[in-house]
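Engineer: pasting the sequence and the predicted coordinates here, then a few questions.
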Amino acid sequence: MNAEKRTDALIVGAGPAGLSAATAAARCGMSVTVLDEYPREGGRLLGQLHEESKGNWWNGLREAHRLSEQAQHAGASVRTGVSVTGLEREESGDWTVWTSAGLYRAGALLLATGAAESVVPVPGWTLPGVMSIGAAQVMTNVQRVKVGSRGVVIGMSVLAMAIVSELRLAGIELSAIVLPPRHALSERASDPRSVLESLLRFAHLAPRPTLRIGAPLMGSAAIRRLVLSCYPKRGMQIWNTPLQLRRAALEIVGTEKVEGVTLADIRVDGSVIPGTERFVPADFVCLAGGLYPLAELAALAGCPFRYVPQLGGHVPLHDERMRTPLSRLYVAGNITGVESAKVAIAQGTVAGLCMAAEANPAPDAAELEAPLEEAMAEVRKARQEALIQFQPGIAECREEMYRARVGQQA
């Protein structure tokens, strides 16, 4: 049986937030252990590859390697392939954490578990060849596996559009990007009006100048309705793939594997126009939903939550210093709300510095106050300059979260 392991700070999640937190805490003299169940460190960074607004490329694999090297150089221990199975706070205030590699005890615990994908179910979605669009991203950019010869993407979101561009860069043909069928679980994802509103938030990244220029002109609901009523059924080309706001997938077709998708034209309200069904051949299908915070461990710890749709759903209550109401329990990254990797990196630095400040005697802790303020300012800057805003009003929602956190110490 593995012996009990003791560390000043235990970090669950070796993504951008966890690794940057490990660097900050280790540089302050803490013993730091980072655990992640995936075989490689980096989290969602591993699949990311896109061009930024100034023409430079964001290479997630390279960034993950840099952050991991930085953390280990600072003295942190990074262990992959380790699953956390349970945790509890002791009377002493320390945290006991059960893992597949044995028992850990830590003075401070940071949950940087990231986010997971949500998808809208479609008839036939259990066929081999159907995958989430995030899985297609990892297979393409990390595993270097071609997911298929010709595919259909069902669902339109910020995440989906970013990954579609990456799949096209890899030479993968996509027949169409369409909406999911309208049913009790699809909600706004099958409503062309709601989807158009969400797409307009990142129209500045559109590859066609007409889309970038035209998007600001669609500020009113009346103009958006007019645009949808005139929107071509065949869609508009995005990265040489038709974006079909007025078509929905009715069924994924196949016997032993994906053979194609049955599509139909839809009205502005998302209802199907009878008699417009058609079959589109495909050997793979990507289901594209959104992301939601992976917060199960925070719930297991007894942390209070708030439901904030703009942040992806239920998020652990926390303040700007990434502290939860539970003593010496911290959160950072997408577990606190879905945002960009750069925001997660900045949040991780805040969490690492805060763990070190609260672990040190008062005189030493005071020396970390200025770096902490600078790190929090960097989070706000990263959020403001983010290339993609997943939801509107994120900054305001966060401020409300921080106010709610005041006076919630356990």
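Structural biologist: Cool, got the structure.
Engineer: where does residue 408 land on pLDDT?
Structural biologist: On the pLDDT scale, residue 408 is placed at 57.
Engineer: longest helix in the protein, by residue count?
Structural biologist: Criterion DSSP state H: the longest helix present in the chain is helix 341-359.
Engineer: which elements pack onto it?
Structural biologist: Other elements packing on helix 341-359 under the criterion 3 or more Cβ pairs under 8 Å, 6 or more residues apart in numbering; DSSP states H and E are strand 5-12, helix 16-27, helix 60-74, strand 102-111, strand 329-331, helix 369-384. Glycine gets a C-beta too; all of them are placed from N, C-alpha and C.
Engineer: just the helices in the stretch 151-300 of the chain please.
Structural biologist: Assignment of helices within the stretch 151-300 of the chain using DSSP state H, counting those that start in this stretch yields the ranges 158-169, 192-200, 209-214, 221-230, 296-301.
Engineer: hey, least reliable of those by pLDDT?
Structural biologist: helix 209-214 (a mean of 51).
Engineer: could I get the biggest strand by length in the chain in CSV with only the CA atoms?
Structural biologist: In the chain, taking DSSP state E as the definition, the longest strand is strand 241-253. As requested, the backbone C-alpha atoms of strand 241-253 are provided in CSV (Å, rounded to 0.1, in the frame of the first residue of the first chain):
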residue,chain,number,x,y,z
THR,A,241,-17.7,25.0,-44.9
PRO,A,242,-21.4,26.1,-45.2
LEU,A,243,-22.7,27.6,-41.9
GLN,A,244,-26.4,26.6,-42.2
LEU,A,245,-28.4,28.6,-39.7
ARG,A,246,-31.7,27.5,-41.3
ARG,A,247,-31.0,23.8,-41.4
ALA,A,248,-31.2,21.2,-38.6
ALA,A,249,-30.0,17.6,-38.2
LEU,A,250,-33.0,15.2,-37.7
GLU,A,251,-31.0,12.0,-37.4
ILE,A,252,-27.6,10.5,-37.7
VAL,A,253,-27.9,7.6,-40.1
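Engineer: just the angle between it and helix 158-169, please?
Structural biologist: Counting by axes from the mean of the first three to the mean of the last three Cα atoms, to 10 degrees, strand 241-253 lies at 100 degrees to helix 158-169.
Engineer: next one: stretch 278-287 to chain centre, how far?
Structural biologist: Counting by Cα atoms, centre = their mean, to the nearest Å, stretch 278-287 is centred 25 Å from the centre of its parent chain.
Engineer: next one: stretch 116-134
Structural biologist: 17 Å.
Engineer: just the pLDDT at residue 207, thanks.
Structural biologist: pLDDT, read off for residue 207, is 51.
Engineer: circling back: chain center to the longest strand of the chain, what's the gap?
Structural biologist: With Cα atoms, centre = their mean, you get 24 Å for strand 241-253.
Engineer: so residue 80 makes contact with residue 39?
Structural biologist: Yes. Assessed by Cβ atoms under 8 Å, residue 80 is found in contact with residue 39 at 5.5 Å.
Engineer: of those two, which one has the most company?
Structural biologist: Counted by other Cβ atoms under 10 Å, residue 80 and residue 39 do not tie: residue 80 has more neighbours, with 15 against 7.
Engineer: quick check: closest non-adjacent residue to that one.
Structural biologist: Distance criterion Cβ to Cβ, 6 or more residues apart in numbering; nearest residue to residue 80, sequence neighbours excluded, is residue 36 at 5.0 Å.
Engineer: go ahead and confirm that neighbour touches residue 16.
Structural biologist: No. Counting by Cβ under 8 Å, residue 16 is not a contact partner of residue 36; they are 11.9 Å apart.
Engineer: quick check: neighbours shared by these two?
Structural biologist: Common contact partners of residue 36 and residue 16 (Cβ atoms under 8 Å, 6 or more residues apart in numbering): residue 43.
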